[in-house]
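In: Mind folding the following:
(one chain, ligands or ions: 1)
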Amino acid sequence: MLFEHKGKTLFTLTREDIHNPLAAYAPYAFELDGHEWPTVEHYYQAMKFEDESYREKIRQATSPKAAAKLGHNRWQKRRKDWKKNSITYMTRGTYIKCRTHTEVSAALLESGDLDIAELSMYDYFWGSGRDMRGANNYGKLLMGIRHKLLQEQSAG
Ligand SMILES: Nc1nc(O)c(N)c(N[C@@H]2O[C@H](COP(=O)(O)O)[C@@H](O)[C@H]2O)n1
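Out: Next up, the predicted model:
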């Protein structure tokens, strides 16, 4: 969806929109780290934990929403370096999804050179927040992947 903000056209999406191929919740399976993941959200949430059996429980969650719920379990010990690496894991999953499904990479490349924003009223980390002052880390990682895909395309 295109969105006008301060005289600029933004290419926007939400991470949770299962109908948008670029969303982390969209059902485009991929293989990474020796497993098949139903969505990027499953992969991202599982990577928060060192406990292999808890990761597996998240991998087998029946929906990305259920995977996120398991990932937000405060009683389950997260890996110590998670805050430092959370963006890296979301990026890895999203990049591999793009490389696995041409439909997904095409959707990303269709955004041209527009700035990408994750529109979210409440999320100031992944999204723009209600006042568009959020860090927009999800939009930024998509722009980074778009750049990498274009470089790969021109390298043949
Ligand atoms: N500040 C901050 N650093 C990170 O590394 C984060 N992953 C987040 N996430 C925020 O918490 C909400 C739920 O977390 P996950 O997306 O499941 O990691 C998320 O919506 C962000 O607002 N925050």
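In: Please identify the buried residues of stretch 83-95?
Out: Neighbour-count burial for stretch 83-95, with 16 or more other CB atoms under 10 Å as criterion, is recorded at 86-87, 89-95. (C-beta placed from N, C-alpha, C; glycine too.)
In: elements contacting the helix or strand containing Ala107?
Out: Element membership of Ala107 [criterion: DSSP states H and E] is helix 102-109. When contacts are defined as 3 or more CB pairs under 8 Å, 6 or more residues apart in numbering; DSSP states H and E, helix 102-109 packs onto helix 82-100, helix 137-155.
In: how about those, which one is nearest the ligand?
Out: Taking CB to the nearest ligand atom, helix 82-100 is the member of the helices and strands packed on helix 102-109 nearest to the ligand, at 3.4 Å.
In: And the residue nearest the centre of the chain, which helix or strand is it part of?
Out: Central residue of the chain (CA atoms, centre = their mean): Ala24, 4.2 Å from the mean position. Element membership for Ala24, per DSSP H and E: none, as it lies in no helix or strand.
In: and it, backbone torsions?
Out: phi -70, psi -20 (degrees, to the nearest 10).
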